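# Let's see this in three dimensions:
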Amino acid sequence: VSHVHSSPFSHFFSVIAPVLCAPAVVGAGIGGSATAHFLRQHFGSEVQVDVFEKGAVGGRLATVTVNHNDYESGGSIIHSLNLHMQEFVKQLGLKYRRSVAGKTAVFNGEDMILEETDWYLLDLFRLWWRYGISFIRLQMWVEEIMEKFMRIYKYQAHGYAFSSVEELLDSLGGSGFINMTRRPLSNSLLELGVSQRFIDEVIEPVMRVNYGQNVSIPAFVGAVSLAGAQNNLWAVEGGNKLVCSGLLKMANANLLQAQVSSISPVYTGAVHRSRILATCNLGILQSGYKHHKNLYDIVVLATPLQASVRSGIRFQGFTPAFEELPGNYHSTVATIVHGYLNTSFFGFPDPRLFPFASVLTTETLDLFFNSVASVCPVNISTGFRRKQPQEAGVYKVFSPQPLDKIFLTSQSYYSVQVTEWQAYPCYGSNQGLSPVELHPNLYYLNGIELAGSAMEMSSVAAKNIALLAYHRWNRQTDMVDQKDLMHRIKTEL
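Okay, the predicted model is just below:
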C-alpha cells in the first residue's frame with residue numbers, strides 16, 4: 001500500500017497489505033476527483049479506481065470562453081488556510097493566479113452604503129465609525145472557528161476518520177459546532193454583540209454573493225462563508241477545474257464518461273458489494289458495451305442526491321429502501337456579460353468616476369441580482385490590467401433568476417453567457433445533516449455540504465471517506481470515531 005502523504009504514521013498503513021478491492025467514484029467534481037486521489041493514496045497502486053462522470057470533469061468548477069479568454073463560471077475563490085487545495089496545487093505543479101486589486105462597494109438599491117477606498121486605515125476607521133466594534137467581534141469569532149476547524153488536518157494526517165458529519169464536527173468543536181448547524185447565523189451574531197446594522201449591511205451582502213441566501217442560514221455555513229470573504233484568497237492559474245483533471249490523472253483513475261442509472265447491493269457471503277449500471281451518452285463505454293455493469297467493493301457517491309439536483313441514480317434492492325435525502329439545492333444563475341456596465345444604475349452617470357471592481361447588494365425587494373463584478377481571465381499575463389468602467393469589460397452577475405431583457409438592454413454589450421447552477425444546498429436551520437455511510441461500503445460525500453459548501457469542505461470530506469473506507473475494509477475500528485483526539489495524538493508522539 002502506498003504511503004499516506006504528510007503522516008508521521010504512514011508506515012502503519014503500509015504494514016497491512018489489504019486484500020485488493022475495487023473502488024468506484026460517481027462524480028468528477030472536486031469532491032470526486034479528490035476522493036479518487038485519496039483512495040489511490042491509501043489503497044495503493046494495484047487497485048483500479050473507476051470514476052463515473054456524466055458531464056464535464058470539474059463539476060461546479062467550470063469556465064466559459066469570452067472573446068478568446070476563459071473565465072470562472074463556477075467556484076472561483078480558495079482561502080489561504082485551505083490546506084488540501086494548497087497541497088493539490090503543489091503536487092500537480094499548478095500555479096497560483098496573480099491577483100488583480102479592485103475595490104468593493106455595497107449597494108442597497110438606491111445608494112452605495114459602504115465603499116472601499118485605497119487606504120486600509122481609512123476603511124477600518126469608516127467601519128468603526130459606522131458599526132462600532134462589531135467587525136472586530138465578528139473577526140475574532142470567525143478566527144476562533146477556523147482555528148478549531150484546522151484540527152481536521154492533524155486528525156487526517158494521523159489517519160483518523162469519522163462515520164458521520166456530526167462525529168467530524170464534534171471532534172473539532174464539540175457540541176458548539178453541531179449547534180451552529182442548527183441555529184441561524186443572525187441569532188449567533190446578535191448574541192456575540194454584533195449590531196443589526198452590521199448584519200444587514202455587511203454580513204447579508206456576503207451571504208448573498210457566496211450562497212445566494214440571507215442571514216437565516218445556519219451559523220456554521222455562515223462562518224465558512226465569512227472566512228471566504230477575507231482578503232487572503234487565491235485561485236489557480238488556468239482555472240480551478242485543472243485541479244480536478246490533475247487529481248484524476250495523478251490517481252491514474254479510469255474515467256468513464258457515463259450516466260450512472262442504478263446502484264444495487266450484491267451479497268457474496270459476508271461481503272457487501274454494489275452493482276453499478278451506467279449508460280454512456282455515446283452509447284458505448286470503454287468496455288465496449290452499451291450498459292456497463294460492474295461489481296464494486298467500495299462505491300463513493302460524490303454527487304448531490306437531493307431531488308432538485310436530479311442525479312438520475314436509482315437505488316434498487318436495498319433493505320430498508322433508501323429514502324430521498326432531505327433538503328433541496330439552491331439555484332443560482334451566473335451571467336457572464338462582455339460589454340459596458342451601466343454605472344448610472346448605481347448613481348454614477350459618468351463611468352470614469354466609477355471606482356469599484358465589484359458591487360455586493362443588501363436584501364432589498366426591488367433588487368433582482370445579488371452581485372456584479374468585473375472579472376479577470378483564468379490566465380493573467382504580466383501586463384494585464386483590469387478594464388476601466390468606460391471600456392468594454394467582462395462582468396459576472398449572480399442572480400436568483402435569469403436576468404430579464406430589460407436589465408440587459410440597459411447595458412451595451414457584445415455577448416451574454418448564462419450558467420444556471422444547482423450551486424449549494426438551500427440552507428434551513430432545522431434540516432439535519434445527511435449520512436456519510438448509506439450502506440456497508442457505500443458512501444455519500446456531498447452530505448458535508450449541509451454543514452458548509454466550499455471546495456475545501458469537499459476535499460476534507462474526500463479525505464475522510466477514503467480513510468473511512470480503508471479502515472472499514474481492513475476492520476481497523478480503532479481509527480474511526482475516536483474521542484478526545486487532540487489528547488490521543490499528543491500521547492502518540
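# switch to C-alpha atoms for all contacts and neighbour counts from now on
OK.
# so what's Ile336 closest to, chain neighbours aside?
The spatially closest residue to Ile336, leaving aside those adjacent along the chain, is Lys396, at 4.6 Å (Cα to Cα, 6 or more residues apart in numbering).
# could you give the mean pLDDT of the longest helix anywhere in the chain?
Looking across the chain with DSSP state H, the single longest helix is helix 455-473. The pLDDT scores in helix 455-473 average 97.
# just stretch 107-127 next, same as before
Summarised as a single mean, pLDDT over stretch 107-127 is 93.
# Kindly report the same for stretch 72-83.
Mean predicted confidence for stretch 72-83 is 90.
# ditto for stretch 330-349
The model assigns stretch 330-349 a mean pLDDT of 92.
# Restrict that stretch to CA atoms and write it as PDB.
Below are the C-alpha coordinates for stretch 330-349, written out as PDB (Å, rounded to 0.1, in the frame of the first residue of the first chain):
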ATOM      1  CA  HIS A 330     -30.300  26.400  -4.400                       C
ATOM      2  CA  SER A 331     -30.500  27.600  -7.900                       C
ATOM      3  CA  THR A 332     -28.000  30.400  -8.700                       C
ATOM      4  CA  VAL A 333     -27.600  32.000 -12.200                       C
ATOM      5  CA  ALA A 334     -24.100  33.100 -13.200                       C
ATOM      6  CA  THR A 335     -24.300  35.500 -16.200                       C
ATOM      7  CA  ILE A 336     -21.000  36.500 -17.900                       C
ATOM      8  CA  VAL A 337     -21.500  39.700 -19.900                       C
ATOM      9  CA  HIS A 338     -19.000  41.200 -22.200                       C
ATOM     10  CA  GLY A 339     -19.800  44.900 -22.600                       C
ATOM     11  CA  TYR A 340     -20.200  48.200 -20.700                       C
ATOM     12  CA  LEU A 341     -21.500  48.400 -17.200                       C
ATOM     13  CA  ASN A 342     -24.400  50.900 -16.800                       C
ATOM     14  CA  THR A 343     -22.800  52.800 -13.900                       C
ATOM     15  CA  SER A 344     -25.700  55.300 -13.800                       C
ATOM     16  CA  PHE A 345     -27.800  52.500 -12.300                       C
ATOM     17  CA  PHE A 346     -25.500  52.800  -9.200                       C
ATOM     18  CA  GLY A 347     -25.600  56.600  -9.200                       C
ATOM     19  CA  PHE A 348     -22.500  57.300 -11.300                       C
ATOM     20  CA  PRO A 349     -23.600  58.900 -14.600                       C
END
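# Can you spell out which helices and strands pack onto the helix or strand hosting Leu168?
For Leu168, the element it lies in under DSSP states H and E is helix 165-180. Helix 165-180 sits against helix 134-149, helix 219-227, with contacts defined as 3 or more Cα pairs under 8 Å, 6 or more residues apart in numbering; DSSP states H and E.
# Give the pairing partners of the helix or strand just after the last one; include direction for each.
Under the assignment DSSP H and E, the closest C-terminal helix or strand after helix 219-227 is strand 233-234. Applying DSSP bridges, strand 233-234 is found paired with strand 78-79 (antiparallel).
# For the following helix or strand past the partner strand, which residues meet the burial criterion?
Next helix or strand after strand 78-79 toward the C-terminus (DSSP H and E): helix 83-92. Of all the residues in helix 83-92, those buried under the rule 16 or more other Cα atoms under 10 Å are His84, Met85, Gln86, Phe88, Val89.
# The fourth one is in contact with Leu242, isn't it?
No: the pair formed by Phe88 and Leu242 falls short of the contact definition of Cα atoms under 8 Å, at 10.2 Å.
# CA atoms only: put stretch 186-195 into PDB for me.
Output of stretch 186-195 as PDB, limited to C-alpha atoms (Å, rounded to 0.1, in the frame of the first residue of the first chain):
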ATOM      1  CA  SER A 186     -28.200  36.200  12.600                       C
ATOM      2  CA  ASN A 187     -29.000  34.800  16.100                       C
ATOM      3  CA  SER A 188     -25.400  33.800  16.800                       C
ATOM      4  CA  LEU A 189     -24.100  37.200  15.700                       C
ATOM      5  CA  LEU A 190     -26.600  39.200  17.700                       C
ATOM      6  CA  GLU A 191     -25.600  37.100  20.800                       C
ATOM      7  CA  LEU A 192     -21.900  38.000  20.100                       C
ATOM      8  CA  GLY A 193     -22.800  41.700  20.300                       C
ATOM      9  CA  VAL A 194     -22.700  42.300  16.500                       C
ATOM     10  CA  SER A 195     -25.100  45.100  15.600                       C
END
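# can you pull out the helices in the stretch 301-450 of the chain?
With helices called from DSSP state H, counting those that start in this stretch, the stretch 301-450 of the chain shows them at 405-409.
# which residues touch the helix or strand encompassing Pro205?
When elements are assigned from DSSP H and E, Pro205 belongs to helix 204-211. Under the contact criterion Cα atoms under 8 Å, 6 or more residues apart in numbering, helix 204-211 has outside partners 106, 213-215, 222, 225-226, 229, 360-363, 370-371, 398, 424.
# Helix 219-227 and that helix, what's the angle between them?
Taking axes from the mean of the first three to the mean of the last three Cα atoms, to 10 degrees, one finds helix 204-211 and helix 219-227 inclined to each other by 90 degrees.
# Outside of the longest helix of the chain itself, which residues are in contact with it?
Residues outside helix 455-473 that contact it (Cα under 8 Å, 6+ apart) are 18, 30-32, 34-35, 38-39, 42-43, 75, 78, 82-85, 152, 156, 159-163, 298, 300, 436, 441, 443, 445-446, 448-449, 477, 479-480.
# helix or strand for Tyr155, which one?
Per DSSP H and E: Tyr155 is located in helix 151-157.
# elements contacting that helix?
Identification of packing neighbours for helix 151-157 by 3+ Cα pairs under 8 Å, 6+ apart yields helix 455-473.
# Quick one: closest of the helices and strands packed on helix 165-180 to Pro389.
Pro389 lies closest to helix 219-227 among those, at 27.9 Å (Cα to Cα).
# and the closest residue to Thr419 other than its chain neighbours, what does it touch?
Spatial nearest neighbour of Thr419, excluding adjacent residues (Cα to Cα, 6+ apart): Ala334 at 5.2 Å. Residues near Ala334 by Cα under 8 Å, 6+ apart: Ser73, Gly74, Lys396, Val397, Phe398, Ser399, Val418, Thr419, Glu420, Trp421.
# which of the residues you listed are buried?
Among these, the ones that count as buried (16+ other Cα under 10 Å) are Ser73, Gly74, Lys396, Val397, Phe398, Ser399, Val418, Thr419, Glu420, Trp421.
# of those residues, closest to Asp50?
Within the buried ones among the contacts of Ala334, proximity to Asp50 (Cα to Cα) peaks at Gly74, which comes in at 25.0 Å.
# hang on, the earlier thing: pull the longest helix of the chain out as CSV, backbone CA atoms only.
Taking Å, rounded to 0.1, in the frame of the first residue of the first chain, the C-alpha atoms of helix 455-473 are listed here in CSV:
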residue,chain,number,x,y,z
MET,A,455,-14.0,23.3,-2.4
GLU,A,456,-12.1,22.7,0.8
MET,A,457,-15.1,21.2,2.6
SER,A,458,-15.5,18.7,-0.3
SER,A,459,-11.7,17.9,-0.1
VAL,A,460,-11.9,17.3,3.6
ALA,A,461,-14.9,15.0,3.1
ALA,A,462,-13.0,13.2,0.3
LYS,A,463,-10.0,12.5,2.6
ASN,A,464,-12.4,11.4,5.4
ILE,A,465,-14.2,9.0,3.2
ALA,A,466,-11.0,7.5,1.7
LEU,A,467,-9.7,6.9,5.3
LEU,A,468,-13.1,5.6,6.5
ALA,A,469,-13.4,3.2,3.5
TYR,A,470,-9.8,2.0,4.1
HIS,A,471,-10.4,1.4,7.8
ARG,A,472,-13.7,-0.4,7.2
TRP,A,473,-12.1,-2.6,4.6
